[in-house]
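Participant: Sequence and computational prediction follow.
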Amino acid sequence: MKKILSFFKSGLLSAILAILIMVSGYFFLKEYGFCLAQEERLETLNVRLGISKNQLQETTRKQRIFSRVEAFLNHAKALGLQEKKWATYNVNIEEPVTFDAFEQILEQCNQTPLFYFNPISLQITTAIDTEQKKSSNQSNRSNLPEEKDGDILINLKGSFIVRDKL
């Protein structure tokens, strides 16, 4: 009987140890899965943190830009540079002119504090070449430069932006 009890005790002990190993294995695997999930969550949170930092830097940069733009607009308003206080006059000159008249036109295109010239295009051709194309083989005295309306043919397009009186 003692042998049976000792065998039974050793079998019972083995069974208990086997059950303990299985239970501890179960809890180990459960905790290991939880640990892997936490590592993945930590990695996700680190990525989100990086994205949040980038967004914060971008927002800060945009705020600096907006504050500079606001300061510029306030300065422009203080100087009276508002759209309502300016008038626009379109310019479209296409005619032969003398060199003196052309020089005067170019002088008028200079910018001053009261007006600005916004050029779109400027084409300069000699009036002689243009008229020779029109009257291909005619060679009369009216085509000579001293008898013409102008020395050069200009095509000037743009607009004057004029400030109203303060």
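Facilitator: Received, thanks.
Participant: Look at Pro96 and say how many residues are nearby.
Facilitator: Each residue near Pro96 was counted by other CB atoms under 10 Å, and the total is 19. Every residue, glycine included, has its C-beta placed from N, CA and C.
Participant: likewise Val97?
Facilitator: Using other CB under 10 Å, Val97 is surrounded by 20 other residues.
Participant: Touching, it and Asn155? I think so.
Facilitator: No. Counting by CB atoms under 8 Å, Val97 does not reach Asn155; the two are 10.9 Å apart.
Participant: Now do the shared contacts for the two.
Facilitator: When CB atoms under 8 Å, 6 or more residues apart in numbering defines a contact, no residue borders Val97 and Asn155 alike.
Participant: what's downstream of the host helix or strand of Gly50, the next helix or strand?
Facilitator: Using DSSP states H and E, the element containing Gly50 is helix 2-78. Toward the C-terminus, helix 2-78 is succeeded by strand 86-97 as the next helix or strand (DSSP H and E).
Participant: who's Asn92 bridged to?
Facilitator: Beta-bridge partners of Asn92, counted by DSSP bridges, are Lys157.
Participant: Hmm, Lys157 and it touching each other?
Facilitator: Yes. Look at Asn92 against Lys157 with CB under 8 Å: they come within range, at 5.3 Å.
Participant: okay, the two: which has more neighbours?
Facilitator: Using other CB under 10 Å as the criterion, Asn92 and Lys157 rank with Lys157 on top: 14 against 11.
Participant: Spit out the contact partners of that one.
Facilitator: Lys157 makes contact with 91-93, 119-122, according to CB under 8 Å, 6+ apart.
Participant: got a markdown table for the residues you listed, with pLDDT and distance to Thr60 too?
Facilitator: A markdown table is the format used below for the contacts of Lys157 (pLDDT from 0 to 100; distance: CB to CB, whole Å):
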| residue | pLDDT | distance to Thr60 |
| --- | --- | --- |
| Val91 | 88 | 45 |
| Asn92 | 91 | 48 |
| Ile93 | 87 | 50 |
| Pro119 | 87 | 40 |
| Ile120 | 90 | 40 |
| Ser121 | 90 | 43 |
| Leu122 | 88 | 45 |
